[in-house]
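K.L.:
Structure of the sequence below:
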Amino acid sequence: MPAHKGEPMRRLHGQEEAPIELLVGIIMFIMVSVLAIQVTTSINNSICSEKLNKAQIDISSNLKSALTGSEFTVQTFSVDIPSCPEKKIKSLNIEKITDPNICQIYCRPTKNTCWMTVLEVHGETEGEIEKEFMCINISPETEIIPEDDEDLCNWDKMRQKTGITSTTPLEQLNLGPAYYKFTFKRDTGMTPKIKVCIE
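P.N.:
Coordinates of the predicted model:
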């Protein structure tokens, strides 16, 4: 019966193919999973960067609006400073920069002193801090002062969230990753003044 002589060989050949197909399937699954993770991470990083950029723009634009408005103009807004999965955020700061080189690079017209938002990010090596600057287009003479009216500002919340302990004008305000509610209020005086409450 010659017709049946090849059947055991065909069955053996089929048994050899099964583990190979399984291995190929596993490899394809791993590759697709890795690609999906990379795409998800890329999307999350993009969303995080957009939130950080929006936070900086919102702080800058609301400060400027409060200063250019009428007396006692109030700007209330919220800022979400995210903790990014790949970008290790240390803080987003509002700083009065006195380094002419930095001010002249980032602010137009060029100034020797300027207000900026400064994003601080942990670098790859321990203790390394990278900084990203964005100019706040307000007068360098502007004073940013913590709100002293406790009927208008919850001081316990502000102390807890920012570490502010007095009403002296700020030179630097450090904000770690968190959700914040801001109130900027234009104050009277010979120099531009903004009262700030952060909760």
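K.L.:
low-confidence ranges in this protein?
P.N.:
The chain contains residues with pLDDT under 70 at 1-18, 36-44.
K.L.:
Show me the strands in it, by range?
P.N.:
For the chain, applying DSSP state E gives strands covering 74-81, 89-97, 114-122, 129-136, 143-146, 172-175, 178-187, 193-198.
K.L.:
The second one: how far from the chain's middle?
P.N.:
When C-alpha coordinates are averaged (C-alpha atoms, centre = their mean, to the nearest Å), strand 89-97 and its chain have centres 11 Å apart.
K.L.:
other SSEs contacting that strand?
P.N.:
On a contact count with 3 or more C-beta pairs under 8 Å, 6 or more residues apart in numbering; DSSP states H and E, strand 89-97 meets helix 7-68, strand 114-122, strand 129-136, strand 172-175. Heads up, the C-betas are built off the backbone N, CA and C, glycines and all.
K.L.:
Disregarding residues adjacent in the polypeptide, which is nearest to the residue most central in space within the chain?
P.N.:
The chain has L52 as the residue nearest its centroid, 3.0 Å off, counting by C-alpha atoms, centre = their mean. Leaving aside its chain neighbours, L52 sits nearest to L119 (6.3 Å; criterion: C-beta to C-beta, 6 or more residues apart in numbering).
K.L.:
wait, what's in contact with the one you found?
P.N.:
Counting by C-beta atoms under 8 Å, 6 or more residues apart in numbering, L119 makes contact with L52, Q56, I89, S91, L92, N93, K131, E132, F133, M134.
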